[in-house]
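K.L.:
Build me a model from this:
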Amino acid sequence: MTPIKEKGERNLSKAVRLNELRLYINRVKKFKVNDLAKEFNVSRRTILRDLEELSISGVPLISEVGVNGGYQVLEEKNLLSVSFTKEETFSIFFALTSLKHFMSLPFESEYESIIRKFYLNLNGLMKDEIDSIKNRVDFQIDNQSEEVPFLKELFMAAVENEPLCISYKGVRRDVQPIGLYSRYGRWYCPSYCYLRKDYRLFRCDHISELEITDREDKIKIEVNNLSDIISSISQEKEYELVVQLSPTGVKKYQSNSWPNSNLVESNGQAVVYGSISETDVDFLADYFIYLREDAKVIQPVELVDEIKKRISVLRGLYE
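P.N.:
Here you go, the predicted model:
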């Protein structure tokens, strides 16, 4: 049953009033019902109902009896102190949903807790809207088939400027991570390499061991734009990419084009020109095998050879 509005109550929607009430009690820390009723121009009965609903939703309220009694918040720091519009709420939900297909995340357990708390703190109407749309959107993270055990440690080392000793493809390396980025569903860690005395790009799933080192020559790395640093790392070879596409291949390319590539259509033929890095070869080999006759790689020869090698392995399975 919808509560009857008391005479003279302020004309605010319940959701807005609850949000403003949450922010208000977080600011004043200790309060009385009469003070809240006066502040929001509503009755004591309405305020008591609101406090009960906030308490059920997780706001830690405690009451004190006596002349100087009232209510106070047990842990103010745990309150949500930001108000979101409907569109902003949807944006946050989509962002959180996009992460669920990653096999590995820097903060996996925290991610599950965040999305649960975010959902539980929505009002009833917004929960209904999220429920109605959550099966209407999905994301696919291509080719992430390997778990990455050290993402959190790499990220925290980057934040705290901590040097690490890693085992990379079986070789011990002293590095200082700068950050993390994902490409084609794989995680990479741009880092300063003490052996090469330069920045290098490391694929995170190739790191099998990791430990903090106590180097005296630790450097302080200031990162203003991670993308610029990644693009300036010259560890990887660059190959020119040329791929012929069928009409079906063109549609697939247009729905999910590759970075650093352009489609040229002329005289009934479609060709993609672009560039790829050395670490992209193994991913694109799997990708073009998946496209079968809809894509023919002309170059680089390294990619063509990798595709042939994988086809040979597959043929051997059935011979």
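K.L.:
domains of the chain?
P.N.:
Taking automatic domain parsing as the domain assignment, the ranges for the chain are 14-78, 86-133, 151-232, 238-317.
K.L.:
next one: the third one to chain centre, how far?
P.N.:
For domain 151-232, the gap between its own C-alpha mean and the chain's C-alpha mean amounts to 19 Å (C-alpha atoms, centre = their mean, to the nearest Å).
K.L.:
again with the second one
P.N.:
Using C-alpha atoms, centre = their mean, the distance from the centre of domain 86-133 to the centre of the chain it belongs to is 11 Å.
K.L.:
residue ranges of the strands in the stretch 101-250 of the chain, please?
P.N.:
Secondary structure of the stretch 101-250 of the chain (DSSP state E, counting those that start in this stretch): strands at 164-168, 171-177, 181-183, 186-193, 198-203, 207-212, 238-245.
K.L.:
Lowest average pLDDT across these?
P.N.:
When the strands of the stretch 101-250 of the chain are compared on average pLDDT, strand 181-183 comes out lowest at a mean of 78.
K.L.:
Strand partners (parallel or antiparallel) of that one?
P.N.:
Next to strand 181-183 in the sheet, as set by DSSP bridges, lie strand 186-193 (antiparallel).
K.L.:
neighbouring contacts of the partner strand?
P.N.:
With C-beta atoms under 8 Å, 6 or more residues apart in numbering as the test, strand 186-193 has contacts from 104, 143-144, 146, 148, 151, 154, 158, 173-182, 198-205, 207, 219, 221, 226, 229-230, 233, 279, 283. (Glycine included, C-beta is placed from N, CA and C.)
K.L.:
so where does E302 fall, helix or strand?
P.N.:
When secondary structure is defined by DSSP states H and E, E302 falls within helix 301-317.
K.L.:
Check the average confidence over that helix, would you?
P.N.:
92.
K.L.:
before we move on, what about stretch 115-135?
P.N.:
73.
K.L.:
E160 - how many residues pack around it?
P.N.:
9 (other C-beta atoms under 10 Å).
K.L.:
swap in D35?
P.N.:
D35 has 15 neighbours, counted by other C-beta under 10 Å.
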